[in-house]
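**Q** Got a predicted structure here, sequence first:
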Amino acid sequence: MFTASCISFLNLKSTTLNVTKTILDNGLTILTLEKHDVPIVTSTIWYKVGSANENKGQTGIAHFLEHLMFKGTQTYAKGEIDFLTSAKGGNNNAGTTFDYTLYYFNFSSDRWELALEIEADRMQHCLFDPDEFETERNVVLEELKRQQDAPWGKLAVQSEATMFQVHPYHHPVIGWQEDLCLFSTPHRVWHRTKVPGRDQTPGLTRAHRKTPMR
């Protein structure tokens, strides 16, 4: 997927974790941590967009989009990403925070390239089917309800809203219920997550391998 001609090596290494930082000509930052104890590759892609980039009236968009990224692309039908991951003996998940959204895969080192193929495809070709959009809205609303029913979950939301009166950390990552109910179309959600000036995507590859990666 990557060729030597498009890679600019900076040779920056952490003395603690021995992380190698590589920046491609297109601005993509790759952090590589090698571990040789087991032949596993963990690939994680981080988008520099989280709930802190949202305003009142559109809270929860980043987290909602995270859910929609698993609902099918032009290449992978709904459920196929998870099916292929399991069929290859791997696992995957995603998460949204105040400051970033991440997606990760764990695969054996002889088949880890599938993770990059999936990420490249769904970044460009997610279907955002309207029916899936409404179904997933209900899933997120139920997730919010579970959080509100949990004493510690409600306390965390109330504490953050009290501590951060002006800062966007005031809003919960999952969003406020009234905003979630007002989301219109999936393409509008996608457009609003494209925050100007924050489009670079760092990726972290943690390689546990006994043989060189291809």
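**A** Arrived safely, thanks for sending.
**Q** Low-confidence regions, the protein specifically.
**A** Applying pLDDT under 70 to the chain flags residues 1-15, 185-214.
**Q** for the closest residue to Thr44 other than its chain neighbours, what are its contacts?
**A** Take Thr44 and drop its neighbours on the chain: the residue closest to it by CB to CB, 6 or more residues apart in numbering is Tyr104, 4.1 Å away. Every residue, glycine included, has its C-beta placed from N, CA and C. Going by CB atoms under 8 Å, 6 or more residues apart in numbering, Tyr104 touches 42-45, 92-94.
**Q** residue ranges for the helices of this protein, please.
**A** In the chain, the segments counted as helices under DSSP state H are 61-68, 80-87, 113-125, 130-149, 151-163, 177-180, 186-192.
**Q** will you turn those helices into JSON lines that also has distance to Leu24 and mean neighbour count?
**A** Listed next are those as JSON lines, based on distance: least, CB to CB, whole Å; neighbours: other CB atoms under 10 Å:
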{"stretch": "helix 61-68", "distance to Leu24": "24", "mean neighbour count": "23"}
{"stretch": "helix 80-87", "distance to Leu24": "24", "mean neighbour count": "15"}
{"stretch": "helix 113-125", "distance to Leu24": "13", "mean neighbour count": "16"}
{"stretch": "helix 130-149", "distance to Leu24": "32", "mean neighbour count": "14"}
{"stretch": "helix 151-163", "distance to Leu24": "36", "mean neighbour count": "12"}
{"stretch": "helix 177-180", "distance to Leu24": "36", "mean neighbour count": "16"}
{"stretch": "helix 186-192", "distance to Leu24": "24", "mean neighbour count": "15"}
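**Q** For ChimeraX, write the select line for the buried members of the contacts of Tyr104.
**A** Remark: buried members of those, expressed as a ChimeraX selection using 16 or more other CB atoms under 10 Å:
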select :42,43,44,45,92
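**Q** Report the two of the contacts of Tyr104 separated the most.
**A** Greatest spatial distance in these: Thr42 and Ala94, 13.6 Å, computed using CB to CB.
**Q** Spell out which residues sit in contact with the residue nearest the centre of the chain, please.
**A** Residue closest to the average C-alpha location in the chain (CA atoms, centre = their mean): Leu102, at 2.6 Å. Residues in contact with Leu102 (CB under 8 Å, 6+ apart) are 44-47, 94-96.
**Q** what pairs with it across the strands?
**A** Bridge pairing for Leu102 (DSSP bridges) gives the partners Trp46, Gly95.
**Q** Quick one: closest of the helices of the chain to Gln74.
**A** Short answer: helix 113-125, nearest of the helices of the chain by CB to CB, at 4.1 Å.
**Q** Show me what the closest one is in contact with.
**A** Defining contact as CB under 8 Å, 6+ apart, one finds that helix 113-125 is touched by 1, 41, 43, 45, 69, 73-76, 81, 84-85, 88, 90, 92, 103, 105, 107, 214.
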